[in-house]
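Colleague: Sequence plus predicted model, see below.
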Amino acid sequence: MEEVTVIGIDLAKSVFQLHGATASGRPVFRKKLSRAQLIRFIAEQPPCLVAMEACASSHYWGREFLKLGHEVRLIPPIYVKPFVKRQKNDANDAEAIAEAVVRPTMRFVPIKSEEQQARSMVFKTRDLLVRQRNALINALRGHLMEYGIIAPAGRTFVKRLEAQINAPEIDLPSGVIELCRLHLEQIGILDDRTREIQKRLKDEAKSDPETIRLQTAPGVGPISAMAIQAFAPPMEGFRRGRDFAAWLGLVPVQKSTGGRQIL
């Protein structure tokens with residue numbers, strides 16, 4: 001059997017599809033493994049290039065495979081799609097990953113550390129709490145609108161609704177008042193949790209040398225500095241500032257053809 005130099009893995013929660021190939025691209029094996037079998041199988045392979053799509057759990061598996069002595073590369077899914085032949089299934093996806101990773105012009109996603117993922121989780125949790133709070137506010141506004149009580153959209157006008165609900169002369173059914181107070185209680189709890197997370201971000205921004213340096217840039221505050229630390233890849237990966245701007249999405253999408261520039 002020829003030596004395997006590239007292994008493409010189509011990730012999943014329970015069942016993983018693997019495609020092993022030689023340096024020339026010749027397929028050596030196609031395997032379907034359970035979660036428990038995956039680590040054991042990769043540990044038995046000689047050091048080689050392991051490729052996966054950059055998706056949920058890929059950074060975790062990347063760190064695990066690096067510990068086993070393999071070279072690991074994560075590919076954006078959009079760059080793998082052109083290499084999928086005919087029907088889309090797990091086996092074809094794994095083969096496409098193995099083919100895409102050896103392309104000389106392929107771009108890769110750096111593997112995030114546990115600390116970086118922990119920081120990004122703080123932002124995602126804050127975003128979730130804010131969305132839940134907004135949903136409760138909108139639900140409260142919608143319910144009260146049925147009784148002729150209105151307020152503009154936004155968190156700043158919740159106090160106005162609260163004052164109307166608690167007014168002695170309010171003519172609302174007792175059940176409605178009770179449920180509205182329940183909404184207000186939950187909104188207050190989410191407000192407190194959001195402020196706690198925001199304070200944590202600001203405190204961490206004061207203690208980390210990198211975020212302190214980032215805040216010296218005009219317009220970059222503690223939250224923005226922490227967001228760059230949590231989500232941005234290493235700056236060494238960008239050749240110029242414009243490339244970082246493109247990563248942020250601050251440059252227009254280009255769909256040019258036939259010499260015609262379309263932005």
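Modeller: Here it is on my side, so go on.
Colleague: hmm, who's touching stretch 77-94?
Modeller: Under the criterion Cβ atoms under 8 Å, 6 or more residues apart in numbering, residues 8-10, 12, 15, 17-19, 30, 32, 53-55, 95-97, 99-100, 106-107 lie in contact with stretch 77-94. For glycine as for every other residue, the C-beta is placed from the backbone atoms N, C-alpha and C.
Colleague: buried ones in it?
Modeller: The neighbour-count check on stretch 77-94 (16 or more other Cβ atoms under 10 Å) flags 79-80, 83-84, 90, 92-94 as buried.
Colleague: elements contacting the longest helix seen in the chain?
Modeller: The longest helix of the chain (DSSP state H) is helix 174-207. Contacts defined by 3 or more Cβ pairs under 8 Å, 6 or more residues apart in numbering; DSSP states H and E place helix 174-207 against helix 114-145, helix 158-166, helix 209-214, helix 222-231.
Colleague: Of those helices, which stretch is the most buried?
Modeller: Mean neighbours per residue, mean count of other Cβ atoms under 10 Å, is largest over the helices and strands packed on helix 174-207 for helix 222-231, with a mean of 18.
Colleague: buried residues in the helix or strand following that one?
Modeller: Counting by DSSP states H and E, the next helix or strand C-terminal to helix 222-231 is helix 241-248. Using 16+ other Cβ under 10 Å as the test for burial, helix 241-248 gives Phe244.
Colleague: what residues does helix 241-248 touch?
Modeller: 232-233, 235, 238, 251.
Colleague: one more time with 10 Å
Modeller: 228, 231-233, 235, 237-238, 240, 250-253 (Cβ atoms under 10 Å, 6 or more residues apart in numbering).
Colleague: what inclination does that helix have with respect to helix 222-231?
Modeller: Orientation of helix 241-248 against helix 222-231 (axes from the mean of the first three to the mean of the last three Cα atoms, to 10 degrees) gives an angle of 90 degrees.
Colleague: most remote residue from this structure's center?
Modeller: Glu169 (48.6 Å; Cα atoms, centre = their mean).
Colleague: I'd say Phe108 and Gly237 touch.
Modeller: Yes: using Cβ atoms under 10 Å, Phe108 makes contact with Gly237 at a distance of 9.1 Å.
Colleague: just the buried members of the contacts of stretch 77-94?
Modeller: 8-10, 17-19, 53-54, 95-97, 99-100, 106.
Colleague: Reformat those as TSV; add distance to His143, pLDDT and secondary structure.
Modeller: What follows is those, written out as TSV (distance: Cβ to Cβ, whole Å; pLDDT from 0 to 100; DSSP: H, G, I helix; E, B strand; the rest coil):
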residue	distance to His143	pLDDT	secondary structure
Gly8	52	96	strand
Ile9	49	97	strand
Asp10	46	96	strand
Gln17	48	96	strand
Leu18	53	97	strand
His19	54	96	strand
Glu53	43	96	strand
Ala54	42	95	coil
Glu95	53	96	helix
Ala96	50	96	helix
Ile97	49	96	helix
Glu99	55	95	helix
Ala100	51	95	helix
Met106	53	94	coil
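Colleague: tell me which of the residues you listed is nearest to Ile187?
Modeller: Closest approach to Ile187 among the buried ones among the contacts of stretch 77-94 (Cβ to Cβ): Ala54, at 36.2 Å.
Colleague: pretty sure the closest one contacts Gly62?
Modeller: Yes: between Ala54 and Gly62 there is a contact at 9.0 Å, judged by Cβ under 10 Å.
Colleague: Between those two, which contacts overlap?
Modeller: Shared contacts of Ala54 and Gly62, counting by Cβ under 10 Å, 6+ apart, come down to 73-74, 109-112.
Colleague: Buried by neighbour count: which residues of stretch 198-205 qualify?
Modeller: Residues of stretch 198-205 classed as buried by neighbour count (16+ other Cβ under 10 Å): 201, 204-205.
Colleague: three-state assignment of Lys85?
Modeller: Three-state call for Lys85 (DSSP: H, G, I helix; E, B strand; the rest coil): coil.
Colleague: Before we move on, what's the pLDDT of it?
Modeller: At Lys85, the predicted lDDT confidence score is 89.
Colleague: what separates it from Phe29, distance-wise?
Modeller: 18 Å (Cβ to Cβ, to the nearest Å).
Colleague: All set now, cheers.
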